[in-house]
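1. Turn this into a structure:
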Amino acid sequence: MSSTLQLIGTGSAVGSLMPLITAVVQRPEWSVRAKKTVAAVMALLAGVVTVAADGGLDQFQHGVPTFATIAAVLAVSQSAHDLLWKPSGIAPAIESATSPKGAPAAG
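-> The predicted model follows:
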């Protein structure tokens, strides 16, 4: 088992890249609410995977490190998206590039 600080650091690193991974799944025509929901769910899942990858399933017995890591992934992913990936245009470009061309509009 890693220390709580190490897990938070790992969670922060994972969270900083999550907006790029999420952009592959999201579509430009989706509503803001749908995009935020997908981003939050993916970040939470990434947090769980991060905890499991570090300490296996036994790691989930330790509440504080588990919660802190999942929260770090969620918080950093949202911050990185708003402060880095969206303003730079990288996340929106990935969304557009990975969206099917000529697909019917949602709605």
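2. tell me what the helix or strand hosting Thr66 is packed against?
-> If you go by DSSP states H and E, Thr66 is part of helix 63-80. Applying 3 or more CB pairs under 8 Å, 6 or more residues apart in numbering; DSSP states H and E, one finds that helix 63-80 contacts helix 4-25, helix 32-55. Any C-beta I mention is one placed from the backbone N, CA and C, and that applies to glycine too.
3. what does the average pLDDT come to for the first one?
-> In this case it means helix 4-25. The pLDDT scores in helix 4-25 average 92.
4. Residues contacting it, please?
-> 2, 38-39, 42-43, 46-47, 50-51, 54, 64-65, 68-77, 79-81, 84-86, 90-92, 94-95, 98 (CB atoms under 8 Å, 6 or more residues apart in numbering).
5. Just the buried residues of the residues you listed.
-> Neighbour-count burial (16 or more other CB atoms under 10 Å) is assigned, among the contacts of helix 4-25, to 39, 42-43, 46-47, 50-51, 54, 65, 68-74, 76-77, 80-81, 85, 91, 94-95.
6. now, of the helices and strands packed on helix 63-80, which is deepest in the fold?
-> helix 4-25 (a mean of 18; mean count of other CB atoms under 10 Å).
7. Just want the angle from that one to helix 32-55.
-> 140 degrees (axes from the mean of the first three to the mean of the last three CA atoms, to 10 degrees).
8. CA-only coordinates of helix 4-25, as PDB, when you get a sec.
-> Extracted C-alpha coordinates of helix 4-25, given in PDB (Å, rounded to 0.1, in the frame of the first residue of the first chain):
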ATOM      1  CA  THR A   4      -1.900   8.700   1.000                       C
ATOM      2  CA  LEU A   5       0.300  11.500  -0.500                       C
ATOM      3  CA  GLN A   6       1.700   9.100  -3.100                       C
ATOM      4  CA  LEU A   7      -1.800   8.000  -4.100                       C
ATOM      5  CA  ILE A   8      -3.000  11.600  -4.300                       C
ATOM      6  CA  GLY A   9       0.000  12.400  -6.500                       C
ATOM      7  CA  THR A  10      -0.800   9.500  -8.800                       C
ATOM      8  CA  GLY A  11      -4.500  10.500  -8.900                       C
ATOM      9  CA  SER A  12      -3.500  14.100  -9.800                       C
ATOM     10  CA  ALA A  13      -1.400  12.800 -12.700                       C
ATOM     11  CA  VAL A  14      -4.200  10.600 -14.000                       C
ATOM     12  CA  GLY A  15      -6.700  13.400 -13.500                       C
ATOM     13  CA  SER A  16      -4.600  15.800 -15.600                       C
ATOM     14  CA  LEU A  17      -4.800  13.500 -18.600                       C
ATOM     15  CA  MET A  18      -8.500  12.500 -18.200                       C
ATOM     16  CA  PRO A  19      -9.900  15.400 -20.200                       C
ATOM     17  CA  LEU A  20      -8.000  14.100 -23.200                       C
ATOM     18  CA  ILE A  21      -9.300  10.600 -22.800                       C
ATOM     19  CA  THR A  22     -12.800  11.900 -22.100                       C
ATOM     20  CA  ALA A  23     -12.700  14.000 -25.300                       C
ATOM     21  CA  VAL A  24     -12.300  10.800 -27.300                       C
ATOM     22  CA  VAL A  25     -15.700   9.700 -26.100                       C
END
